[in-house]
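In: Sequence first, predicted model second:
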Amino acid sequence: MSTSVAVGSLGESPSPRKALLLLPPLCAVLAVVAWCAARAVEWAWLRPRRLQRELRAQGVRGTAYRPPAGDAPLADRLGREARSRPPLPPGFHGIVPRALPLVHHGMKEHGKNSVTWFGPMPTVTLTEPELVRQVLSNKFGHFEKVNFGQLTRLLHNGLSSHEGDKWAKHRRIIKPAFHLEKLKLMLPAFAACCADMVSRWEGLVAAAAGEPCEVDVWPEMQRLTGDVISRAAFGSSYLEGRRIFELQGEQVRLGTLIANKIHIPGYMMLPTRINRRMKRIAAEIEGILRGMIANRESALRAGKAASDDLLGLLLESNMEQLRASNGGGRGTSSGGGGMTSDDVIGECKLFYFAGMETSAVLLTWTTVLLSMHQDWQDRAREEVRRVFGGGAGVPDYDGLSRLKIVTMVLHEVLRLYTPLPAIPRRTYKPTELGGVRYPAGVMLMLPTLYIHHDKDVWGPDADEFRPERFAEGVARASAGDAPAFFPFGGGPRTCIGQTFALLEAKMWLAVMLANFAFELSPSYSHTPFPVGLLRPEHGAQVKLRKLP
Ligand code: HEM
């Protein structure tokens, strides 16, 4: 006899019977609520307090944890204060207090290697180059990349956020596309983008009819590097690629608006206006890429040669990998030894994310610094004229690799205005580093920009623009033993696109210096500020003059 019949046959009223039936689901709900509450208390209170005790016991000082936002309000306040200060004098490069306000504050209040809180995650800033080297070069998985979950997935979901075997497989497949021999084939695409820009600027100068022509180079450089990556990645389909970079640009802007909230679990799932727009953008980008990849894959299967652009090289390398793992069989995009279509989409998104704004930042600060330091602009132009003989024709690889002064200038710009001011890592397991035993789950912040300006490392003129310090190469530029110059990161996860970025920058400088002279406009205000990358907060206005 079933329970309900038994209860009914006793003639009891239906309410207790209903209550009995409701009891199991109610208990289940209560159990789930209790579990969530316990997890929340552990996440927001017990675990951070435990980590704080462990770090303090070893003498790592810093701010006290305030649940659950940690130092997010302090970071907001310091950021606002830094931005409200008057612009820096042009030619002044002591930008750390303005560009890394939280790191600067932590250092002032608690000394080097101090702790702050990113939500409930302790964040230890490591300022000694040797410790940074140890973290970046670790091959044993003690330090993992800090992944911002759904935000990372919406922005790129490629190589830079993978770990372990998946990362190794993707890096192996992507690497051939960035070999020097392949990059040389992309130089005509770089040159075509620079030529487009030069003719547009010539138009602007002509329209100014003899008056000095003012250009904000920041959006111009975003456009240039967006075009370069579109052409380099997608060859003849670069116009479709352009739409992607517009969408990615918007995605990054929206991502920075919510950066301080993403430590809240599930925040990205909330149906806020920004979250909904970001999801729509991601869907549109994926749609465009899926179409392009499908076309290329079917052409490859039909036996057509792969294109020499990044996507073509990536698909070709992927097919080879698949053939090898299938024992010579026909390649498919279903995974196995190669990448799936979704993986390829993630990597294409990453090319934009990692390769566009970073290069735009480098080119913008180079223009600003050469405007501030006219003597170096003249020296760099002289060198370009000497190597390429007056500017006619497309600069070739041999010529670009002989540009010594231009390279020194680029290195000094990368040192003083490092596009990525800090690199985060997280301890994956308990790890000893510099005499401290870090428990798992501690974020280690490697403040590249701070180390690049550290007088203990670079000497008393650390904040000055002196490209000659790179005359003997990168390794001999700083005073200390450990390498202290790492704008492209280091170790196994070093930037895969650094040769691409430097060739692009040299090509642009060779073309630009041959065609234009430039100086700072009075409307420029020197306000470097990191919004993810170190950007000029109010643009980078220069005055252009066309050279005969
Ligand atoms: C001036 C320009 C650039 C700078 C300053 C720069 C900087 C960096 C840095 C610091 C990292 C390491 C991040 C970390 O360790 O967490 C990195 C990684 C990466 N960069 Fe760049 N980058 C630049 C240009 C490019 C370009 C042009 C591309 C591609 C077209 C690119 C693709 C990548 C990729 C795919 C990674 C991830 C590598 C991995 O995790 O294995 N970057 N970049």
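Out: Received the coordinates, thanks.
In: Dihedrals phi and psi, the closest residue to the ligand within the chain?
Out: Residue of the chain nearest the ligand, by C-beta to the nearest ligand atom: residue 497 (2.2 Å). The way it works is simple: take the backbone N, C-alpha and C, and place the C-beta from them, glycine included. Backbone geometry at residue 497, expressed as degrees, to the nearest 10, gives phi -100, psi 20.
In: what about the most centrally placed residue in the chain, which helix or strand?
Out: Among the residues of the chain, the one closest to the centroid is residue 354, at 5.1 Å (C-alpha atoms, centre = their mean). If you go by DSSP states H and E, residue 354 is part of helix 341-355.
In: Which secondary structure elements does the host helix or strand of residue 385 sit against?
Out: For residue 385, the element it lies in under DSSP H and E is helix 374-388. If you count contacts as 3 or more C-beta pairs under 8 Å, 6 or more residues apart in numbering; DSSP states H and E, helix 374-388 packs onto helix 357-372, helix 404-416, helix 498-515, strand 516-520.
In: With just CA atoms, put the shortest one into CSV.
Out: Read it as strand 516-520. What follows is strand 516-520 as a C-alpha-only set of coordinates in CSV (Å, rounded to 0.1, in the frame of the first residue of the first chain):
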residue,chain,number,x,y,z
PHE,A,516,56.2,63.5,-42.1
ALA,A,517,57.7,65.6,-39.3
PHE,A,518,55.6,65.9,-36.2
GLU,A,519,55.5,67.8,-32.9
LEU,A,520,53.2,67.9,-29.9
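In: now the strands for the stretch 101-250 of the chain?
Out: Secondary structure of the stretch 101-250 of the chain (DSSP state E, counting those that start in this stretch): strands at 115-118, 121-125, 143-145, 213-216.
In: returning to what we had before: so of the helices and strands packed on helix 374-388, which one's packed in deepest?
Out: Of all the helices and strands packed on helix 374-388, helix 357-372 carries the top mean neighbour count, a mean of 24, counting by mean count of other C-beta atoms under 10 Å.
In: That helix near the ligand anywhere?
Out: Yes - judged by C-beta under 6 Å from any ligand atom, helix 357-372 and the ligand are in contact via 358-359, 362.
In: and that helix, C-alpha only, in CSV?
Out: Provided in CSV are the C-alpha atoms of helix 357-372 (Å, rounded to 0.1, in the frame of the first residue of the first chain):
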residue,chain,number,x,y,z
GLU,A,357,45.5,47.5,-29.1
THR,A,358,49.0,46.5,-27.7
SER,A,359,50.6,47.6,-31.0
ALA,A,360,48.4,50.7,-31.2
VAL,A,361,49.6,51.7,-27.7
LEU,A,362,53.3,51.2,-28.7
LEU,A,363,52.9,53.2,-31.9
THR,A,364,51.0,56.0,-30.2
TRP,A,365,53.6,56.4,-27.4
THR,A,366,56.4,56.2,-29.9
THR,A,367,54.9,59.1,-31.8
VAL,A,368,54.3,61.1,-28.6
LEU,A,369,57.8,60.5,-27.3
LEU,A,370,59.5,61.3,-30.6
SER,A,371,57.4,64.6,-30.6
MET,A,372,58.7,65.4,-27.2
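In: Check what pLDDT the closest residue to residue 145 other than its chain neighbours gets.
Out: Nearest non-adjacent residue to residue 145, counting by C-beta to C-beta, 6 or more residues apart in numbering: residue 161, 6.2 Å away. You'll see residue 161 listed with a pLDDT of 89.
In: same deal with residue 170?
Out: Value listed for residue 170 in the pLDDT field: 91.
In: Chain neighbours aside, what residue packs nearest to it?
Out: Excluding the flanking residues, the one nearest residue 170 by C-beta to C-beta, 6+ apart is residue 159, at 4.9 Å.
In: next one: residue 171
Out: residue 159 (6.1 Å).
In: gap between that neighbour and residue 353?
Out: Plainly put, residue 159 is 11 Å away from residue 353 if you go by C-beta to C-beta, to the nearest Å.
In: Only the buried residues of stretch 296-316, if you could.
Out: Of all the residues in stretch 296-316, those buried under the rule 16 or more other C-beta atoms under 10 Å are 296-297, 300, 306-316.
In: I figured residue 470 was touching residue 407, is that so?
Out: Yes - Residue 470 is within contact range of residue 407, at 7.4 Å (criterion: C-beta atoms under 8 Å).
In: angle of the helix or strand containing residue 545 against helix 357-372?
Out: Per DSSP H and E: residue 545 is located in strand 541-546. Relative orientation of strand 541-546 versus helix 357-372 (axes from the mean of the first three to the mean of the last three C-alpha atoms, to 10 degrees): 70 degrees.
In: now strand 541-546: mean pLDDT?
Out: Mean per-residue pLDDT for strand 541-546: 96.
In: Any idea what residue 427 is bridged to?
Out: Residue 427 has these beta-bridge partners by DSSP bridges: residue 143.
In: Please apply the same query to the one 5 residues further on.
Out: Residue 432 has these beta-bridge partners by DSSP bridges: residue 437.
In: Next, the buried residues of the helix holding residue 385.
Out: Neighbour-count burial for helix 374-388 flags 376-377, 379-381, 383-384, 387-388 (criterion: 16+ other C-beta under 10 Å).
In: Name the surrounding residues that touch it.
Out: 369-371, 391, 395, 399, 402-406, 409, 465, 467, 509-510, 513-514, 517-519 (C-beta atoms under 8 Å, 6 or more residues apart in numbering).
In: Tell me the residues on the stretch 151-300 of the chain that lie near the ligand, please.
Out: Close to the ligand, as judged by C-beta under 6 Å from any ligand atom, the stretch 151-300 of the chain has residues 159-160, 171.
In: before we move on, the earlier item: export only the CA atoms of the helix holding residue 385, formatted as PDB.
Out: Coordinates of the C-alpha atoms in helix 374-388 are reproduced here as PDB (Å, rounded to 0.1, in the frame of the first residue of the first chain):
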ATOM      1  CA  GLN A 374      62.900  66.100 -31.400                       C
ATOM      2  CA  ASP A 375      66.600  65.200 -31.400                       C
ATOM      3  CA  TRP A 376      65.700  61.500 -31.500                       C
ATOM      4  CA  GLN A 377      63.100  62.100 -34.100                       C
ATOM      5  CA  ASP A 378      65.900  63.600 -36.300                       C
ATOM      6  CA  ARG A 379      68.300  60.800 -35.600                       C
ATOM      7  CA  ALA A 380      65.800  58.100 -36.400                       C
ATOM      8  CA  ARG A 381      64.800  59.900 -39.600                       C
ATOM      9  CA  GLU A 382      68.400  60.200 -40.700                       C
ATOM     10  CA  GLU A 383      68.900  56.500 -40.200                       C
ATOM     11  CA  VAL A 384      65.700  55.700 -42.100                       C
ATOM     12  CA  ARG A 385      66.900  57.900 -45.000                       C
ATOM     13  CA  ARG A 386      70.400  56.300 -44.900                       C
ATOM     14  CA  VAL A 387      69.000  52.800 -45.000                       C
ATOM     15  CA  PHE A 388      66.200  53.200 -47.500                       C
END
